[in-house]
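K.L.:
no sequence on this one, just coordinates:
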């Protein structure tokens, strides 16, 4: 899902956006520094002072003296009784256009609104795909094709040549979060090494993810340096080295999560649903190999199977339902570039919240009678809904606490599976939306975001 962070690294934006910005600055500057504008560009206090002075002259002497006395005590009383603040001696410089009266507001406002809208829409179209009506279209940038089941580690193999696989996950991404949570619930954290990506579109050569410094485990075994250094684009380029011509680079989006076979240097898959299926199958076969889940022997109740045998189609159907309404609904709201597109997405989100709250009134889980991959995927959505989707994406419906059955469900999930609480850094995950999606947050102000434990406690 690094798609949501790829705009800042897009070379096309870097070429086109300055054209609009230059146009806007040229228009504004020409107005601000025209002779007429300079003549009329007076501090707003000047007009106010003249008005007050004229009123004082028309008031009785007693009232005038009271006004003067009040002004003399302004500094002493402002901190305790005044509703207004004293204008600072040093403040940001402005053109003074809106207070000068020139150019006329009837011209200024429409022009500025038009220019800023065109710049915003250009950046939104560069970031993600839209249809003609401004609806967000989630494209597939899938790498790999019908991957085979993951190989179980041979005895003593990892101590000699190292792990066969590596997962690349980014904390802010909900699609990565679901994979990380599945890894924890299936007790696979020691089986497949994870590289935690850093979202930094300014340093990434493409996309938004860069790699951290190589770990001791990475350097211990003969892993290609392209898989442990640089950014995620470097990983993609290396994995496609046998397909790309010399000097050519991978042209698709460099998304995460990404599962790589580091021994062959090839991509297994970068599709979160496939990765979760592979991980669950791997965990099941691992239990069978160790004898914990051998045929004819019932597994202990503590064992997690996110995709129970015989329920695969139902799990996929239910997951698709909530994806359409909620998990992707927030993105459809946030990336809509027309009112009709936003309204359609917002209606789906409202419908989804009501449906989920009603379903959980009589069910403990979204499907079946134990936790499945649907609940894991939903946890990745719900932890971002309150402090990311409802704010920066304008996703409607209010906070999760307003839906008592969903709130109780979340509390029950983390009580039964406390590892979920460690699967996400919520301030970093939600804060990334404000830091990286600058076209939706030009001021780059990041609101207060609690930890996941604080958030759950407040439900």
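P.N.:
Perfect, thanks for sending it. Being a predicted model, the structure only gives us computed values, none of them experimental. Numbers count the residues shown, from 1 in each chain.

K.L.:
helices and strands of the protein: which one has the lowest mean pLDDT?
P.N.:
In the chain, the helix or strand scored least confidently by mean pLDDT, DSSP states H and E is helix 35-40, which has a mean of 39.

K.L.:
quick check: buried residues in the helix or strand hosting residue 350?
P.N.:
In this assignment (DSSP states H and E), residue 350 forms part of helix 339-359. For helix 339-359, burial by neighbour count (16 or more other Cβ atoms under 10 Å) applies to 341-342, 344-346, 348-350, 352-353, 356-357, 359. (C-beta placed from N, C-alpha, C; glycine too.)

K.L.:
between the next helix or strand after that helix and helix 339-359, how many degrees?
P.N.:
Once the chain leaves helix 339-359, the next helix or strand it forms, by DSSP H and E, is helix 373-384. Angle between the axes of helix 373-384 and helix 339-359 is 120 degrees (criterion: axes from the mean of the first three to the mean of the last three Cα atoms, to 10 degrees).

K.L.:
the chain should start at 277 in everything you say after this.
P.N.:
Fine by me, first position is 277 from now on; the one you just mentioned is helix 649-660.

K.L.:
packing partners for helix 649-660?
P.N.:
With contacts defined as 3 or more Cβ pairs under 8 Å, 6 or more residues apart in numbering; DSSP states H and E, helix 649-660 has these neighbours: helix 450-461, helix 548-566, helix 588-598, helix 680-692, helix 702-712.

K.L.:
go through those helices and pick out the most buried.
P.N.:
helix 450-461 (a mean of 25; mean count of other Cβ atoms under 10 Å).

K.L.:
any idea of the mean pLDDT in the very next helix or strand once past it?
P.N.:
Going down the chain from helix 450-461, the next helix or strand is strand 470-475, by DSSP H and E. Taken as a whole, strand 470-475 has an average pLDDT of 97.

K.L.:
A helix includes residue 721, no?
P.N.:
No - going by DSSP: H, G, I helix; E, B strand; the rest coil, the assignment for residue 721 is coil, not a helix.

K.L.:
how far away is the residue nearest to it when sequence neighbours are not counted from residue 661?
P.N.:
Leaving aside its sequence neighbours, residue 721 sits nearest to residue 710 (Cβ to Cβ, 6 or more residues apart in numbering; 6.9 Å). Going from residue 710 to residue 661 by Cβ to Cβ, to the nearest Å gives 15 Å.

K.L.:
cool, residue 728 as well?
P.N.:
12 Å.

K.L.:
just residue 385 next, same as before
P.N.:
34 Å.

K.L.:
with residue 539 instead?
P.N.:
Counting by Cβ to Cβ, the separation of residue 539 from residue 661 is 39 Å.

K.L.:
before we move on, the earlier item: elements contacting the helix holding residue 626?
P.N.:
helix 605-610, helix 680-692.

K.L.:
which residues touch that helix?
P.N.:
With contact meaning Cβ atoms under 8 Å, 6 or more residues apart in numbering, helix 615-635 is reached by 406, 409-412, 598, 600-602, 605-606, 608-609, 612, 642, 670-673, 679-682.

K.L.:
which of the residues you listed are buried? Put it as a PyMOL command.
P.N.:
Buried members of the contacts of helix 615-635, defined by 16+ other Cβ under 10 Å, are picked up in PyMOL with:
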select buried, resi 406+410+411+412+598+601+602+605+606+608+609+612+642+670+671+672+673+679+682
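
K.L.:
ok so, going back, now the helices and strands packed on helix 649-660 as JSON lines including distance to residue 482 and mean pLDDT?
P.N.:
As requested, these are exported to JSON lines (distance: least, Cβ to Cβ, whole Å; pLDDT from 0 to 100):
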{"stretch": "helix 450-461", "distance to residue 482": "18", "mean pLDDT": "98"}
{"stretch": "helix 548-566", "distance to residue 482": "20", "mean pLDDT": "95"}
{"stretch": "helix 588-598", "distance to residue 482": "30", "mean pLDDT": "98"}
{"stretch": "helix 680-692", "distance to residue 482": "36", "mean pLDDT": "98"}
{"stretch": "helix 702-712", "distance to residue 482": "15", "mean pLDDT": "97"}
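
K.L.:
give me the low-pLDDT residue ranges for the stretch 477-626 of the chain?
P.N.:
568-577 (pLDDT under 70).
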